[in-house]
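Enquirer: Have a look at this fold, sequence not included:
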């Protein structure tokens, strides 16, 4: 274990992409004696790369090779299974580190805020994603896919596309990935034939990437279906796309209009894209979802010319067996960490934590990643974001605006409290075990879906 008794000591709370990119930027700072301790409440690292990226997107997951290299830097330590607010408090970190960086992301979902949201058959996409990725927080969820034929999916970002693809893809292909074992049994019983994406804005403003939507159409037995009316651009969108649209948005429109011209296609399963529609009410009988009442929207330019959806007054009912909400992630308050309730993030100004929104800077405390800016961008976006936060940290380091820790190494405190912290060596042994178990099962990796199960295996591996 690295000696943490000297130098410039930083605690990073959260071991997802933002946490590792923060550590990388600190190690590249040129300052001698940098020590970075990365804490995570789970026994395993990598945050949403492990628990959020779809199991059939292994190329994206391969970014962990970079994180593995960062973890080999002298001065890096990992403390998994250590929860801020339960096992250690902010005051404990302040007593041991010169600076603290919060990188724990956004872990809950946004709400629709419509009548019927509590009906059986209405789910959060965040829960479904965690469930099929074997995230310990989501093992207990149940999704009634047996007997469901049409699923409404509110939102059309990449998370929505991932959910749609998992619902429609051949289960035998998913079984070769690192998908959770418990989810395979449910997916094998699924009778879902159609997923309907409901987007508030038009095809030019669709939030999915061209690669993601095309990938859905390439899934065996699945057709992406768009009506000519849904694929058509109104004058507001046409002008906005020509003047401000990105190449990705133009490619989305081209693909959607190609699909509209081609017709429904022969595949037995469909991903239907609807635009300019928004849920107004979820309808059901005996507590079970049966339909969604959707209102039609039109786009009107705001003062800056950006198209904004406005209700037209027209409505329709869409029969559906299940509904998933994929309208974004939201942060949750962590004890001792200032929280911006309105934005659902750690209260901060460009990465420096403040006591409250609009309040004074809390010296020595910083944020990076989703908990800093909200759930936007791709995995790589967190690299630039972390570098920007670290630049502020280094500036404050040069100016001496830091915490004044009274103790050196936090490990004795954890031992004194009998906290069973998971080290990086522990994780590497578990990583090898997951891969070996996966190979025996004919898949890439076998992931356990509860903290108790993970810790049991870690204990067994330690004793070998």
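Expert: Alright, I've got the coordinates. Note that the structure is predicted; figures quoted are calculated from it, not measured. Residues are numbered from 1 along each chain as shown.

Enquirer: which residues sit in contact with residue 443?
Expert: 175, 176, 177, 178, 179 (CB atoms under 8 Å, 6 or more residues apart in numbering). Heads up, the C-betas are built off the backbone N, CA and C, glycines and all.

Enquirer: Quick check on the residues you listed: which are buried?
Expert: 175, 177, 178, 179 (16 or more other CB atoms under 10 Å).

Enquirer: Pull the most distant pair out of those residues.
Expert: 175 and 178 (10.4 Å; CB to CB).

Enquirer: Tell me the one of the buried ones among the contacts of residue 443 nearest residue 101?
Expert: Among those, and counting by CB to CB, the member closest to residue 101 is residue 178, at 28.5 Å.

Enquirer: need the helix or strand of the protein with the lowest average pLDDT.
Expert: When the helices and strands of the chain are scored by mean pLDDT, DSSP states H and E, strand 108-109 comes last with a mean of 82.

Enquirer: strand partners of that one, parallel vs antiparallel please.
Expert: strand 329-330 (antiparallel) (DSSP bridges).

Enquirer: starting at the chain centroid, how far to the strand it pairs with?
Expert: 8 Å (CA atoms, centre = their mean, to the nearest Å).

Enquirer: Could you spell out the sheet neighbours of the helix or strand just after it, each with its direction?
Expert: Next helix or strand after strand 329-330 toward the C-terminus (DSSP states H and E): strand 339-340. Strand pairing for strand 339-340, determined by DSSP bridges: strand 345-346 (antiparallel).

Enquirer: Off-centre distance for the strand it pairs with?
Expert: 15 Å.

Enquirer: Stretch 261-274 now?
Expert: 28 Å.

Enquirer: picking up where we left off before, now, the buried ones among the contacts of residue 443 that are in strands?
Expert: Of the buried ones among the contacts of residue 443, none are assigned to strands by DSSP state E.

Enquirer: I'd like those residues laid out as TSV, including distance to residue 393 and pLDDT.
Expert: Output for these, formatted as TSV (distance: CB to CB, whole Å; pLDDT from 0 to 100):
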residue	distance to residue 393	pLDDT
175	44	97
177	37	97
178	34	97
179	38	97
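
Enquirer: from the residues you listed, which single one is nearest residue 447?
Expert: residue 178 (5.8 Å).

Enquirer: which residue sits closest to that closest one in space, ignoring its chain neighbours?
Expert: residue 445 (3.8 Å; CB to CB, 6 or more residues apart in numbering).

Enquirer: Not counting residues beside it along the chain, what's closest to residue 305?
Expert: residue 240 (6.7 Å).

Enquirer: domains of this protein?
Expert: Domain assignment for the chain, taken from automatic domain parsing, gives 8-107+331-422, 109-328.

Enquirer: if we can go back for a sec, next, the contact list for the residue nearest to residue 305, please.
Expert: By CB under 8 Å, 6+ apart, the neighbours of residue 240 are 204, 301, 305, 306, 307.

Enquirer: picking that back up, farthest pair within the contacts of residue 443?
Expert: Greatest spatial distance among the contacts of residue 443 (CB to CB): 175 and 178, at 10.4 Å.

Enquirer: can you give me the end-to-end distance of stretch 393-413?
Expert: 26 Å (CA to CA, to the nearest Å).

Enquirer: which parts of that stretch are buried?
Expert: Here stretch 393-413 shows 393, 394, 396, 397, 402, 403, 405, 408, 409, 410, 411 as buried, counting by 16+ other CB under 10 Å.
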